[in-house]
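>>> the following comprises the amino acid sequence and a computationally predicted model.
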There are 2 protein chains.
Amino acid sequence: MWHLYQFALCPFSRKVRLLLGEKGVGYEPVREYPWERRDEFLDMNPAGQTPVMVHGERATLLVDSVAICEYFEETVEKAAMLNGTAADRAEIRRLVTWFDTQFYRDITAPLLQERMEKRIISRAAPDARLLREAMKAAVAHLDYIDYLLDHRSWLAGSTMSLADLAAAAQISVADYLGGIDWKSHDQAKRWYVGMKSRPTFRPLLAERMQGIGPPPDYEKLDV
Amino acid sequence: MWHLYQFALCPFSRKVRLLLGEKGVGYEPVREYPWERRDEFLDMNPAGQTPVMVHGERATLLVDSVAICEYFEETVEKAAMLNGTAADRAEIRRLVTWFDTQFYRDITAPLLQERMEKRIISRAAPDARLLREAMKAAVAHLDYIDYLLDHRSWLAGSTMSLADLAAAAQISVADYLGGIDWKSHDQAKRWYVGMKSRPTFRPLLAERMQGIGPPPDYEKLDV
């Protein structure tokens, strides 16, 4: 049995969980707060970040969400998420990096810092200016998603791919933390409601981070 | 013919160039300074970062160093750099992320900011405290490389892999900017001299960034 070290609002763990769900890979979630810097966790991953996956007494240890997704894409045929030609796969991977890096840096990371870490770790007040900047960045990112969907059915092409899972993972955490305003982004919203409706997404949306509640529309499926 | 948009001290372009060299893929380098934010470059990559590769009037456009490396690993059999079992490949990819992300964030990025951007863009004096912190972080990273080499011939296992190329690319830029002190890191140094000696590495070491020279030992091959 696989164990997945993660916490409810880790966007990279959510990407992995969406992939495992689509592929039908069973796992036991283990709650890990990376900011506690537990010695046992740092032994597994010196980078100190979730997600980490372990199978059978550390016979197999998988660290880093990109490495984990590639691993299951290579070993489980069901629900291939890196489809098409080598160039198609390059476009999927470009967008995975885009959401893992740019979206995370501009939106998810500042929201997690201001609305999660400051509430449950340092007990400080959030910085209103940083929150405004993150929400402004979210508008630009939703514009880009609208633009991609002008030309394609899914973010990276004609079929659902790891790019859609990476994007939905980041957006769902930003949405939980009140950072997403769907106004004037009908295309992006329709795509995201489609992602939210997937059976693999429902359990994630039902989870709560202790001490922090999501806005009322977070789980809703009507466009 | 492939065109590679890059600049001499871009560590991610260096990783790609090392891979292309090992695989014997020919390309024309095109100098691109991402901080100039040229419209034509942003059209190719909205993230505004090097490297980007283009083949034949944009028939194929590859963006992001991870996507580019996976593309050539998939399409060119020679000099496979993601070898072994799925778990071995996960370990290689973990270390690529480690050097691309942690090493870059702690060492290469602050050195590039303080010793390159401040000299050629903002013409400000470098911040001595940030430089000291980067050099302290470099010692910890060299310790980790020593630790890996205690157990393995190469960073990710028994054969050279993309992890070695990613590490050598970051280290070579940090070394150019005077951020690496090899004292008490004989194992890491021996490994790096081995990397430097490769025919694919020599042309990179011969390049200079306008206005910034490397330290005297930068190109030397004696341990």
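Everything's here; your move.

>>> quick one: low-confidence parts of chain A?
Applying pLDDT under 70 to chain A flags residues A:58, A:223.

>>> would you map the helices across it?
A:11-23, A:39-44, A:65-75, A:86-97, A:109-111, A:128-151, A:162-176, A:186-196, A:202-206 (DSSP state H).

>>> can you list those helices in JSON lines and add distance to residue B:43?
All C-beta atoms are positioned from the backbone trio N, CA, C, and that covers glycine. Shown next, in JSON lines, are the helices of chain A (distance: least, C-beta to C-beta, whole Å):
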{"stretch": "helix A:11-23", "distance to residue B:43": "28"}
{"stretch": "helix A:39-44", "distance to residue B:43": "42"}
{"stretch": "helix A:65-75", "distance to residue B:43": "26"}
{"stretch": "helix A:86-97", "distance to residue B:43": "14"}
{"stretch": "helix A:109-111", "distance to residue B:43": "27"}
{"stretch": "helix A:128-151", "distance to residue B:43": "12"}
{"stretch": "helix A:162-176", "distance to residue B:43": "20"}
{"stretch": "helix A:186-196", "distance to residue B:43": "21"}
{"stretch": "helix A:202-206", "distance to residue B:43": "35"}
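
>>> most packed of these?
helix A:162-176 (a mean of 27; mean count of other C-beta atoms under 10 Å in any protein chain shown).

>>> make CSV out of the helices of chain A and add distance to chain B.
CSV is the format used below for these (distance: least, C-beta to the nearest C-beta, whole Å):
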stretch, distance to chain B
helix A:11-23, 11
helix A:39-44, 11
helix A:65-75, 4
helix A:86-97, 4
helix A:109-111, 12
helix A:128-151, 7
helix A:162-176, 11
helix A:186-196, 16
helix A:202-206, 23
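
>>> surely residue A:159 touches residue A:82?
No - Residue A:159 lies out of contact with residue A:82 (C-beta atoms under 8 Å); the separation is 10.5 Å.

>>> the more surrounded of those two?
Set residue A:159 next to residue A:82 and count neighbours by other C-beta atoms under 10 Å in any protein chain shown: residue A:82 wins out with 20 against 15.

>>> thought residue A:73 was touching that one, still the case?
Yes - with contacts counted by C-beta under 8 Å, residue A:82 reaches residue A:73, the gap being 5.2 Å.

>>> what sits in contact with each of the two?
The contact sets of residue A:82 and residue A:73 overlap at residue A:162 (C-beta atoms under 8 Å, 6 or more residues apart in numbering or on different chains).

>>> next one: the nearest residue to residue A:31 once chain neighbours are set aside from chain B, what distance?
The shortest distance from residue A:31 to any non-neighbouring residue, by C-beta to C-beta, 6 or more residues apart in numbering or on different chains, is to residue A:7 (5.9 Å). For residue A:7, the distance to chain B (C-beta to the nearest C-beta, to the nearest Å) stands at 19 Å.

>>> what is the burial count for residue A:7?
So residue A:7, with other C-beta under 10 Å, has 19 neighbours.

>>> check contacts around it.
By C-beta under 8 Å, 6+ apart, the neighbours of residue A:7 are A:13, A:31-34, A:50, A:209.

>>> for residue A:215, find the nearest of the helices of chain A.
Among these, the nearest to residue A:215 by C-beta to C-beta is helix A:162-176 (7.6 Å).

>>> tilt between that closest one and helix A:65-75?
Helix A:162-176 runs at 140 degrees relative to helix A:65-75, counting by axes from the mean of the first three to the mean of the last three C-alpha atoms, to 10 degrees.

>>> just the CA coordinates for helix A:162-176, please, in PDB.
Coordinates of the C-alpha atoms in helix A:162-176 are reproduced here as PDB (Å, rounded to 0.1, in the frame of the first residue of the first chain):
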ATOM      1  CA  LEU A 162      -1.600  16.500 -16.500                       C
ATOM      2  CA  ALA A 163      -1.800  20.200 -17.300                       C
ATOM      3  CA  ASP A 164      -5.500  20.300 -16.400                       C
ATOM      4  CA  LEU A 165      -4.800  18.500 -13.100                       C
ATOM      5  CA  ALA A 166      -1.900  20.800 -12.200                       C
ATOM      6  CA  ALA A 167      -4.100  23.900 -13.000                       C
ATOM      7  CA  ALA A 168      -7.100  22.600 -11.100                       C
ATOM      8  CA  ALA A 169      -5.000  21.700  -8.100                       C
ATOM      9  CA  GLN A 170      -3.600  25.200  -7.800                       C
ATOM     10  CA  ILE A 171      -6.900  26.900  -8.500                       C
ATOM     11  CA  SER A 172      -8.700  24.800  -6.000                       C
ATOM     12  CA  VAL A 173      -6.400  25.900  -3.200                       C
ATOM     13  CA  ALA A 174      -6.500  29.500  -4.300                       C
ATOM     14  CA  ASP A 175     -10.300  29.300  -4.400                       C
ATOM     15  CA  TYR A 176     -10.400  27.700  -0.900                       C
END
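
>>> so it versus helix A:186-196, what angle?
Helix A:162-176 runs at 100 degrees relative to helix A:186-196, counting by the same axes, to 10 degrees.

>>> name the helices or strands packed onto helix A:162-176?
helix A:11-23, helix A:86-97, helix A:128-151, helix A:186-196 (3 or more C-beta pairs under 8 Å, 6 or more residues apart in numbering or on different chains; DSSP states H and E).

>>> any idea how far the last one is from the chain center?
Right, helix A:186-196. 15 Å (C-alpha atoms, centre = their mean, to the nearest Å).

>>> hmm, who's touching it?
So helix A:186-196 is contacted by A:142, A:145-146, A:149-150, A:154-155, A:164, A:168, A:171-172, A:182, A:201, A:205, A:219, A:221-223 (C-beta under 8 Å, 6+ apart).

>>> now the second one
Surrounding helix A:86-97, the residues in contact under the criterion C-beta under 8 Å, 6+ apart are A:66, A:69, A:81-84, A:148, A:155-157, A:161-163, A:166-167, B:47, B:60, B:62-64, B:66-68, B:70-71, B:74-75.
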